[in-house]
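*Asks:* Need a 3D model of the sequence below.
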Amino acid sequence: MPLSRAYRPQSFKDVTGQQHITETLRKEVESGILGHAYLFSGPRGIGKTTTARIFAKALLCLHPKKGEPDNVCDACTDVTGGRCIDLIEMDAASNTGVDNVREAIVEHVRFAPARWKRKVYVIDECHMLSASAWNALLKTLEEPPEYAVFVLATTELHKVPATIVSRCQRFEFKRIQPDAMAERLRFLAKEEGLKVDDDVIHAIVRTADGYVRDAESLLDQIASLGDKKVTRDIAELILPVSRLPLAVDLLRVSSARDVGGTLSLLRTYVDDGVPVMTLFDDLLSVVRSLIRAEDPNERKLLSGGPVAGLLDTFNRSELGDIALLLIERRRDAKSGLDPVFALELAVLAMAGGMLPGAWDAKSGLQSAPVSQPPPVPSKKEQTITNDDRSTPHDQSLSRAQPRDPTPSTPLDLSTVQMKWTQIVAAVLKENRALPFILKICRPESVQGATVTLRFQYPLHYEKIIEDVKTKHLVESAMRAVLGRDDVLIEGVVGETLGEADRVVTTDIVTKVLNAFGGQVVE
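*Replies:* I've put the predicted structure just below:
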């Protein structure tokens, strides 16, 4: 029997890492002041269904002790053994239709409990129910019989109708913290007579990433190898091989602005057979950890891990730039660009201090922006006449660079790409939220003076293109940076590019290709 089933918690106190919920439920049972409907939401594998069963057991228990089920009475043993006829469990993923709900719940709830004092209905993955099924269930949830209690569990709360949510007590389950997860794994190992090294426990915790069911499954697989003494060498037969230390070293050398040393280290990794896409993922994982270190609690957890040596090495602005750069280069590699070249471009930008938020390793000052400083406006340019009806952000952006109202040369895509970072920086001065969207979209084509941007998500398209005020702000920034008064923007949504339009879209890539005479290899 799997460890997750053999050692499934049977009392509230045994549930891992959800004390803010289990203690509330225990006190409700103890006081007898109960709701008629409960909604458990949160990620997969963190104890929602287990807690629902313990709650049901406590509600049916003949002799609860301070809100905890005694686990010895007939009602408790029936629930534990899966034979309690007054506990009705329904998997909404397999029973989505209105007929299933009517038969299993609406009609069934009219009859009094068959044996015990209550009827408890547990509906798992309830977001999968159809609209008709929700409508059929709504009346029952509004006016249930006194003996009926409903527990709904979902991993996608946003799909549950608001009319249902408003009639339930809501409990939001959280991912398990590393300390609580490690304690649970040590308990299971002890019960199974296993001696598990601490670094194996930490590796399982890191791989499970807050999901206790995943952690228990990994330990179960390791235990199935038959060795009572579990070392890292044994565990790596099951655990995915992490090259996190390699990514940490690469970022450490990069932070010293040693371009040659960073590229040389990367070449060593490639020659040793390290998968480049895995290295991309590990670099992103390290950067993510460093970003999360802004939270003091997360920083405390990371201080003893492999990324501890990188804490405070990068400023928060550069970390954001590095993350976006790695995501873009990884996407380019998946789209056909040579993965090694894609990573070399990313490394060159990081180690060369080419990112807008980068610090100069020698002076300790922030690197100069890619663009040249804008010319100092004349007094005439600074004067705003009474006839000027532009908005304040237009007035600010208009001073960035002289514009040509009747440009003689057509606007081309490469110019927009090369100046995209400057455009994003110009928008940042007026709005701190928009640059995040602009950094992960890409200028795709130019038709006359109209620039088409490709967005990954419809929400980003709506924010930039369909919001008139926002669109006007971005256009003003582009006009100021490009020095033209006729620039307009349009947008498309999606990742797929036609073969004729497949381009490397960021200014960094374009600069490197132009400087070194490289070309994109399909």
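
*Asks:* domains for the protein, by residue range?
*Replies:* Domain segmentation of the chain under automatic domain parsing yields 3-172, 178-235, 244-351, 397-516.

*Asks:* tell me which strands and helices the helix or strand containing residue 59 is in contact with?
*Replies:* When elements are assigned from DSSP states H and E, residue 59 belongs to helix 48-60. For helix 48-60, the elements it packs on are helix 19-31, strand 37-41, helix 74-81, strand 87-91, strand 119-124, strand 148-154, judged by 3 or more C-beta pairs under 8 Å, 6 or more residues apart in numbering; DSSP states H and E. Where C-beta positions appear, they are placed from N, C-alpha and C, glycine not excepted.

*Asks:* Could you export the domains of the chain as a markdown table, including mean pLDDT and mean neighbour count?
*Replies:* Output for these, formatted as a markdown table (pLDDT from 0 to 100; neighbours: other C-beta atoms under 10 Å):
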| stretch | mean pLDDT | mean neighbour count |
| --- | --- | --- |
| domain 3-172 | 90 | 18 |
| domain 178-235 | 87 | 17 |
| domain 244-351 | 87 | 18 |
| domain 397-516 | 77 | 17 |
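
*Asks:* Would you tell me which of the helices and strands packed on helix 48-60 gets closest to residue 326?
*Replies:* strand 37-41 (31.5 Å; C-beta to C-beta).

*Asks:* what comes into contact with the closest one?
*Replies:* By C-beta atoms under 8 Å, 6 or more residues apart in numbering, the residues outside strand 37-41 that reach it are 21, 48, 51-52, 55, 126, 141, 144, 149-155, 157, 160, 164-165, 167-173.

*Asks:* got the angle for it vs helix 19-31?
*Replies:* Interaxial angle, strand 37-41 versus helix 19-31 (axes from the mean of the first three to the mean of the last three C-alpha atoms, to 10 degrees): 170 degrees.

*Asks:* Tell me how many other residues crowd residue 236.
*Replies:* Per other C-beta atoms under 10 Å, the neighbour tally for residue 236 reads 14.

*Asks:* any idea how far residue 203 is from it?
*Replies:* Separation of residue 236 from residue 203 (C-beta to C-beta, to the nearest Å) stands at 8 Å.

*Asks:* Spit out the contact partners of residue 69.
*Replies:* For residue 69, the contacting residues are 10, 11, 54, 57, 58, 61, 76, 79, by C-beta under 8 Å, 6+ apart.

*Asks:* does residue 354 count as helix, strand or coil?
*Replies:* coil (DSSP: H, G, I helix; E, B strand; the rest coil).

*Asks:* Please identify the helix or strand for the closest residue to residue 3 other than its chain neighbours.
*Replies:* Excluding the flanking residues, the one nearest residue 3 by C-beta to C-beta, 6 or more residues apart in numbering is residue 220, at 4.5 Å. Secondary structure from DSSP H and E places residue 220 in helix 212-223.

*Asks:* could I get stretch 248-263 in CSV with only the CA atoms?
*Replies:* Extracted C-alpha coordinates of stretch 248-263, given in CSV (Å, rounded to 0.1, in the frame of the first residue of the first chain):
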residue,chain,number,x,y,z
VAL,A,248,24.5,28.9,-9.2
ASP,A,249,28.2,28.9,-10.3
LEU,A,250,27.3,30.4,-13.7
LEU,A,251,25.4,33.2,-12.1
ARG,A,252,28.1,33.9,-9.6
VAL,A,253,30.8,34.3,-12.3
SER,A,254,28.3,36.4,-14.4
SER,A,255,27.7,38.7,-11.4
ALA,A,256,31.5,39.6,-11.5
ARG,A,257,31.0,40.9,-15.1
ASP,A,258,33.5,38.3,-16.3
VAL,A,259,32.2,37.7,-19.8
GLY,A,260,35.0,35.5,-20.9
GLY,A,261,35.0,33.4,-17.7
THR,A,262,31.2,33.0,-17.9
LEU,A,263,31.2,31.9,-21.5
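
*Asks:* so what does the lengthiest helix in the chain touch, helix or strand wise?
*Replies:* Determined from DSSP state H, the single longest helix within the chain is helix 316-334. Helices and strands touching helix 316-334, by 3+ C-beta pairs under 8 Å, 6+ apart, are helix 276-292, helix 339-351.

*Asks:* how about these in JSON lines, adding distance to residue 39?
*Replies:* Below are the helices and strands packed on helix 316-334 laid out as JSON lines (distance: least, C-beta to C-beta, whole Å):
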{"stretch": "helix 276-292", "distance to residue 39": "28"}
{"stretch": "helix 339-351", "distance to residue 39": "43"}
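
*Asks:* what's near enough to touch residue 281?
*Replies:* Contacts of residue 281 (C-beta under 8 Å, 6+ apart): residue 330.

*Asks:* what's the answer for residue 208, then?
*Replies:* Contacts for residue 208 (C-beta under 8 Å, 6+ apart) come out as 181, 214, 215, 218.

*Asks:* so who does residue 244 touch?
*Replies:* When contacts are counted by C-beta under 8 Å, 6+ apart, residue 244 touches 282, 285, 286, 306, 307.

*Asks:* what residue is smack in the middle of this structure?
*Replies:* The residue lying closest to the centre of the chain (C-alpha atoms, centre = their mean) is residue 288, at 10.0 Å.

*Asks:* so that one touches residue 323, yeah?
*Replies:* Yes. The pair residue 288 / residue 323 is scored as a contact, 7.1 Å apart, by C-beta atoms under 8 Å.

*Asks:* sorry, back to before: out of the helices and strands packed on helix 316-334, which is closest to residue 327?
*Replies:* helix 276-292 (7.1 Å).
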